[in-house]
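[1] Sequence first, predicted model second:
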Amino acid sequence: MILVLRALGVGDLVTAVPALRALRAAYPGRELALAAPAWLAPLVDLVGGVDRLVDTTGLDRPVRVGSAPRVAVNLHGRGPGSHRLLAAIRPGRLLAFANRDAGFSAGPRWVEREHEVDRWCRLLSWYDIPADRADLGLRRPEPAGLPTGATLLHPGSKIPAKRWPADRFAALARTLTDQGHRVLLTGSADERALAVRVADDAGLPSEAVLAGRTDLGALAALVADARLVVCGDTGVAHLATGYGTPSVVLFGPVPPALWGPPRDRPRHRVLWVGEADWPSWDGVGSHPTLAALRLHEVLAAVAEVERVVRVSGAIAA
């Protein structure tokens, strides 16, 4: 068995897809098990190549895999906690970044400011396992009777600082609706109140609010068949990249060079005002880098992405 630790969230899983595919190719005859939260199961199925999901949330409990794996791969972090968690199950071999505190010096060094996709591809390359950073595509979900061709606005984020102000999402929803978009609001159950507030302010009907009404598989299906996605630096942005769905992604405190979509894909537009010193921020609400993004800038990015889609469609025809 090959055991991979990535006990994180949606975006973390999708950015690890090239590494997971590389491990599948490197060990074709071995069971590939992924230690990750059980709620990610619908998305793990869409990644493909993973034989078993081992329910693992965080690093505070042992990974229950039965027999020791032949190889354990740390795609979770730099350690030492994640290294020790895997070392405790006594794998035949550990593939990980070097970490002195974990007593592990065999791997490559950790680079702080590195794109998340490149980080794990580089780790495997150091162990002579080639990985293609462009291999980000996800399997398309089965049709589920969900709306297609909609424009999805995802105003929430687990990290409040990464949320574009709700009133601007509402203004965006109003404008796009006036332009002929069918606007739907997505999010988790915890983000439903936010989505309802945006819908109310935008004059959208209650049925436009899908936040809290879809599981992860349904969310993936919505993104796969959407006209457009506008969101912050969240897992939904990575789903849009995985399906090639046109997207406008609003970045705040974390630069897109670390988590953004590939720069060579014009269907995905990133907005970010850059790094600066923000002494006036009190740590509450949207980060100033997001608050600095104006409605007209987002609308211009939407128009540019849709122009790219029209041009590429005309060329293909």
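    Thanks, I have it.

[2] what sits against the residue nearest to residue 162 when sequence neighbours are not counted?
    Closest residue to residue 162 in three dimensions, ignoring its sequence neighbours and counting by C-beta to C-beta, 6 or more residues apart in numbering: residue 232, at 4.8 Å. The way it works is simple: take the backbone N, C-alpha and C, and place the C-beta from them, glycine included. With contact taken as C-beta atoms under 8 Å, 6 or more residues apart in numbering, residue 232 is in contact with 154, 155, 157, 162, 163, 164, 249, 250, 251, 252, 290.

[3] mind checking how far residue 232 is from residue 223?
    Going from residue 232 to residue 223 by C-beta to C-beta, to the nearest Å gives 14 Å.

[4] ranges for the strands of the stretch 101-250 of the chain?
    Counting by DSSP state E, counting those that start in this stretch, one finds strands in the stretch 101-250 of the chain at the ranges 151-154, 183-185, 228-232, 247-250.

[5] got JSON lines for the ones you listed, with distance to residue 301 and mean pLDDT too?
    Shown next, in JSON lines, are the strands of the stretch 101-250 of the chain (distance: least, C-beta to C-beta, whole Å; pLDDT from 0 to 100):
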{"stretch": "strand 151-154", "distance to residue 301": "13", "mean pLDDT": "98"}
{"stretch": "strand 183-185", "distance to residue 301": "16", "mean pLDDT": "98"}
{"stretch": "strand 228-232", "distance to residue 301": "8", "mean pLDDT": "97"}
{"stretch": "strand 247-250", "distance to residue 301": "5", "mean pLDDT": "98"}
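
[6] To residue 120, which of these lies closest?
    Within those, the stretch nearest residue 120 is strand 247-250; the backing value is 20.4 Å (C-beta to C-beta).

[7] list the helices and strands that closest one packs on?
    With contacts defined as 3 or more C-beta pairs under 8 Å, 6 or more residues apart in numbering; DSSP states H and E, the packing partners of strand 247-250 are strand 228-232, helix 235-243, strand 268-271, helix 295-316.

[8] closest to residue 19 out of those?
    Of those, nearest to residue 19 by C-beta to C-beta is helix 235-243, at 14.0 Å.

[9] Quick check: which ranges of the stretch 201-317 of the chain have low pLDDT?
    Residue ranges of the stretch 201-317 of the chain with pLDDT under 70: 276-283, 313-317.

[10] Restricted to helices, list the contacts of residue 232.
    Judged by DSSP state H, the contacts of residue 232 include residue 290 as members of helices.
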